[in-house]
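Student: Next comes the sequence, and after it the predicted model I'd like to discuss.
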Amino acid sequence: MLIEKSNLTRVLTYGTFDLFHYGHLQILKRAAYLGDELIVGVSTDQFNTIKGKECYYNFKHRAEIVNAIQWVDTVIPEQSWDQKEKDIQDFNVDILVMGDDWKGHFDDLNDYCKIIYLPRTEGISTHSIKQDLSQL
Ligand code: C2G
């Protein structure tokens with residue numbers, strides 16, 4: 001889907017967003033506040049296999065939950081590591097936002113848009129939720 005250039009600031013971020021939690025909410029909110037529109041690439045189940053992540057919720061449910069977040073304008077499937085460049089161009093993205101656990105990983109995309117790494121929300125992760133629940 002091609003979007004004409006406009007004076008809107010478009011922000012893009014990616015993630016698995018499994019067991020959606022406060023840390024996910026915070027980064028989506030902060031990313032949204034950096035611009036006018038927020039596009040979120042949600043990792044597909046197939047891509048999560050490549051990432052070595054096993055999800056509790058499938059892609060359909062994870063995408064629907066992210067799409068229901070008031071700060072999110074568009075959800076797209078994230079199917080590979082190297083689709084970011086095309087997504088940035090196709091959606092005329094101005095800013096790519098990721099949590100700072102990814103710091104430096106996407107700096108090569110600096111030629112196409114601004115890259116901002118935001119501090120992760122401390123004390124919460126999908127992995128820790130699963131661990132805590134397994135000990136109940
Ligand atoms: N995050 C955060 N604070 C947390 C947990 C996650 O800010 N406590 C951020 C991560 O830094 C990431 C986003 O939330 O920017 C989504 O996190 P995950 O669902 O774990 O996504 P990830 O597996 O990091 O996938 O191509 C990029 C990948 O798809 C990112």
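Tutor: Cool, got the structure.
Student: When you work out contacts or count neighbours from here on, use the C-alpha atoms and nothing else.
Tutor: OK.
Student: Give me every residue in the chain lying close to the ligand.
Tutor: Residues of the chain lying close to the ligand (Cα under 6 Å from any ligand atom) are 14-18, 23-24, 27, 43, 81, 98-101, 120-122, 124-125.
Student: Those in strands, which ones?
Tutor: Among those, DSSP state E puts 14-15, 43, 98-99 in strands.
Student: how many other residues sit next to residue 27?
Tutor: Neighbour count of residue 27, defined by other Cα atoms under 10 Å: 20.
Student: just residue 69 next, same as before
Tutor: Using other Cα under 10 Å, residue 69 has 12 neighbouring residues.
Student: same deal with residue 86?
Tutor: Counted with other Cα under 10 Å, residue 86 comes out at 11.
Student: so where does it fall, helix or strand?
Tutor: Using DSSP states H and E, residue 86 sits in helix 84-90.
Student: Look at residue 103 and say how many residues are nearby.
Tutor: Here the number of neighbours of residue 103 (other Cα under 10 Å) works out to 14.
Student: Wait, it touches residue 115, no?
Tutor: No: with contact defined as Cα atoms under 8 Å, residue 103 and residue 115 do not form a contacting pair (9.5 Å).
Student: shaky segments in this protein?
Tutor: Low-confidence segments of the chain, defined by pLDDT under 70: 1-5.
Student: can you give me the helices in the chain?
Tutor: Taking DSSP state H as the test, the helices found in the chain are 22-32, 45-51, 59-67, 84-90, 126-134.
Student: name the helices or strands packed onto the fourth one?
Tutor: Packed against helix 84-90, as judged by 3 or more Cα pairs under 8 Å, 6 or more residues apart in numbering; DSSP states H and E, are no other helices or strands.
Student: Report the distance from that helix to the chain centre.
Tutor: On the basis of Cα atoms, centre = their mean, to the nearest Å, helix 84-90 is displaced by 14 Å from the centre of the chain it belongs to.
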